[in-house]
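K.L.:
next comes the sequence, and after it the predicted model I'd like to discuss.
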Amino acid sequence: MKKLFCLILLGVFTILFTVVSCKKKNDPVPITNPPSLNAIEIAFDSTQINTFFEKYPKLKSYQGDVEQLYHKHQFHYIWFDKDGLNEFAGLLYNKLNNLSLEGIESEVPYKEKIDDIYDNPDNNQKASIDTELLSSALYFFYADKVYGGMSTQKSEALGWFLPRKKQSYVDYLDSLLVNPSLINKEEKGVLKQYYLLKDVLQHYRKIEKKGGWKAIAIDTAVKSYKPGDSATVIAQIRTRLFITDDIAQDSKSAVYDDELARGVLKFKKRSGNLLNKTILPEHINYMNVPVADRIKTIMVNMERCRWVSNDFTRSKELIVVNIPAYELTFYRDGKPELHSKVVVGKVMNKTVIFSAPMKYIVFRPYWNVPTSILKKEILPAIERNPNYLAEHDMEWKDSYVRQRPGPKNSLGLVKFLFPNSNAIYLHDTPSKSLFNRESRAFSHGCIRVAKPRELAAAIMKNDTKWNAEKIDAKMDSGEEYWYTLKNKIPVYIGYFTAWVEPDGVVHFYEDVYKRDEALAALLFDNEIVMD
């Protein structure tokens, strides 16, 4: 009897163990990273992802991201809650419908399919694997286009070597699902400048809808217009500047008065021109650039913003050079402390778009003539004039030529080194007159600074062993002297032909290296191209 009881007890335990085991196998696996408090706990077969992308091949490039996403969430639905499609799914659909607001002209793949889902509410009340995976794939499409931009390979092919940002759009989606409003904020995603350009884009599109602006007739017999002049062209210029908010009202007057002069100065400031009141034919040509072209320029520069990491803005000190603006800005604690005009490389010797940390300031530097300049310029000059080296304060040093320190030195009295493979640095120059030009692309690639003393002082401001007098002394007398920075300063050399100041005023600059056209050709191709 005792033996029979033991057998019965063993059988009961076996049955109970089997029931519990089956229940564990069939129960949904808990989500380790729940996307929202109301998410439904339904899992799907992982093989359905591959089936989905066979059905929707235009989204195939995002399959890896989608697989990573659902592996993280253990293949649970993330776009549905107990009421159907969740809040962020609706926000994403709205964003996809308004890609043009982001300066993007790409078509949304399978737009008819996603429209059908949202046009028929009955379709989004119940969890659907097609809708689930389509939402995820289109999220990565949106993040790729709006936050990531074109591939690193393409941007580098366009001569852009600034570090690209690194961000996990899988992790970012978790934040958006918990707080969907983040998609409308600037905390994540792209550079703040992007959002400023986005606002300007809408403003210029409104101008375009109202008819834009008419081309101003150029009288070839008139070399310039100055305050006090009277001409029909003056009235046309006034109307043009009114449309772009450079003057507050359009009096229609054909007389160049003080109000117009203030507008001309504002216009010139935001177009990188010299700040005087004289209007030249080239300024009128600049005003005549159609609004449609300005809109494309804004969109091109929004794309460039997608390539820039937000990390560099957190630097305590930072030096930024914008090539088309011919301007250097030194930032401390996020605020501009110094602005300086610069001269950049001429078209045949383009200044490279890249970044590197500044490590040294060299006072009264030698100029070690680059091999390319030695062969193309110095040696032919020596053949023509045997006294060329002496006349230019140069000397042979082993197998190369260098120019001695001093006022004649091509690097001026100070240079700023951020060692890089491009052999580019910042430096002073004895050719000060070039800073008075509106277009300032004259160098062999390095960047000449109009305010070198001020830049050195700003960089060395917190070094108690140095002051303005000591800096002047090192620049004006003695031999070459190297100063090592206590803290390296990131130097970013960028290329933006449209830039918006914090007050919302947009600046358009000359596309000195004609880089906009190549980028625009890639951006405004309406075919869906997956990188």
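P.N.:
Everything's here; your move. Numbers count the residues shown, from 1 in each chain.
K.L.:
now for the nearest residue to G228 once chain neighbours are set aside: which residues touch it?
P.N.:
What sits nearest to G228 in space, not counting adjacent residues and going by CB to CB, 6 or more residues apart in numbering, is Y256, at 6.1 Å. To be clear about C-beta, it is placed using only N, CA and C from the backbone, and glycine gets the same treatment. Contacts for Y256 (CB atoms under 8 Å, 6 or more residues apart in numbering) come out as Y225, K226, P227, G228, D229, S230, I234, I279.
K.L.:
now do 7 Å
P.N.:
Going by CB atoms under 7 Å, 6 or more residues apart in numbering, Y256 touches Y225, K226, P227, G228, D229, I234.
K.L.:
inside helices: which ones of the residues you listed?
P.N.:
Secondary structure from DSSP state H places I234 of the contacts of Y256 in helices.
K.L.:
biggest strand in this protein by residues?
P.N.:
When the chain is parsed with DSSP state E, its longest strand is strand 481-494.
K.L.:
show the contacting residues for I216.
P.N.:
V233, Q236, I237, R240, I284, M287, N288.
K.L.:
swap in G159?
P.N.:
By CB under 7 Å, 6+ apart, G159 lies in contact with I353, R515.
K.L.:
nearest the geometric middle of the chain, what residue?
P.N.:
C305 (2.2 Å; CA atoms, centre = their mean).
K.L.:
quick revisit: scan the contacts of I216 and report the most crowded one.
P.N.:
I237 (25 neighbours; other CB atoms under 10 Å).
K.L.:
now the nearest residue to that residue once chain neighbours are set aside: how far from A235?
P.N.:
What sits nearest to I237 in space, not counting adjacent residues and going by CB to CB, 6+ apart, is I216, at 6.1 Å. I216 is 10 Å from A235, where distance means CB to CB, to the nearest Å.
K.L.:
quick check: pLDDT value at the residue nearest to I237.
P.N.:
We have a pLDDT of 96 for I216.
K.L.:
F44 too?
P.N.:
Note for F44: predicted pLDDT of 94.
K.L.:
give me the phi and psi for it.
P.N.:
Phi and psi for F44, reported as degrees, to the nearest 10, are phi -130, psi 170.
K.L.:
now do the same contact list for it.
P.N.:
F75, I129.
K.L.:
next one: it from W79, what distance?
P.N.:
Note on F44: its distance to W79, by CB to CB, is 12 Å.
K.L.:
so which residues of the stretch 151-300 of the chain form helices?
P.N.:
Along the stretch 151-300 of the chain, the stretches classed as helices by DSSP state H, counting those that start in this stretch are 152-157, 169-178, 192-209, 232-243, 258-269, 281-287, 291-306.
K.L.:
how much space separates the closest residue to R294 other than its chain neighbours from Q236?
P.N.:
Spatial nearest neighbour of R294, excluding adjacent residues (CB to CB, 6+ apart): Y204 at 5.7 Å. As judged by CB to CB, Y204 and Q236 stand 20 Å apart.
K.L.:
returning to what we had before: wait, isn't the residue nearest to R294 in contact with K296?
P.N.:
No: between Y204 and K296 there is no contact under CB atoms under 7 Å: 10.0 Å.
K.L.:
what score does the closest residue in space to L280 that isn't next to it in sequence have for pLDDT?
P.N.:
Spatial nearest neighbour of L280, chain neighbours left out: S224 (5.3 Å); criterion: CB to CB, 6+ apart. Reading off the confidence values, S224 has pLDDT 96.
K.L.:
count of residues packed around S224?
P.N.:
Going by other CB under 10 Å, the residues that sit close to S224 add up to 10.
K.L.:
wait, doesn't it sit right on T278?
P.N.:
Yes: using CB under 7 Å, S224 makes contact with T278 at a distance of 5.1 Å.
K.L.:
count of residues packed around I447?
P.N.:
By other CB under 10 Å, 23 other residues sit near I447.
K.L.:
who's in contact with it?
P.N.:
I447 sits next to V321, V342, V344, T351, I424, L426 when contact means CB under 7 Å, 6+ apart.
K.L.:
and these, which two are furthest apart?
P.N.:
Farthest-apart pair in the contacts of I447 is V342 and I424; separation 11.9 Å (CB to CB).
K.L.:
more neighbours: which of these two?
P.N.:
V342 (25 against 22).
K.L.:
how near is the residue lying closest to D463 once chain neighbours are set aside to M460?
P.N.:
Using CB to CB, 6+ apart and skipping residues adjacent in sequence, the residue nearest D463 is K486, 6.8 Å away. Distance, K486 to M460, using CB to CB: 9 Å.
K.L.:
between these two, which has more neighbouring residues?
P.N.:
More crowded of K486 and M460, by other CB under 10 Å: M460, with 19 against 8.
K.L.:
now do the strands in the stretch 51-200 of the chain.
P.N.:
Listed in chain order, the strands of the stretch 51-200 of the chain (DSSP state E, counting those that start in this stretch) span 80-81, 84-85.
K.L.:
export the ones you listed as CSV, with columns for mean pLDDT, mean neighbour count and distance to I493.
P.N.:
CSV is the format used below for the strands of the stretch 51-200 of the chain (pLDDT from 0 to 100; neighbours: other CB atoms under 10 Å; distance: least, CB to CB, whole Å):
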stretch, mean pLDDT, mean neighbour count, distance to I493
strand 80-81, 91, 22, 48
strand 84-85, 91, 21, 46
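K.L.:
dump the ones you listed to a markdown table, plus distance to N387.
P.N.:
Conversion of the strands of the stretch 51-200 of the chain to a markdown table gives the following (distance: least, CB to CB, whole Å):
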| stretch | distance to N387 |
| --- | --- |
| strand 80-81 | 84 |
| strand 84-85 | 83 |
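K.L.:
for K316, which of those is the nearest?
P.N.:
When the strands of the stretch 51-200 of the chain are compared (using CB to CB), the closest one is strand 80-81, at 44.0 Å.
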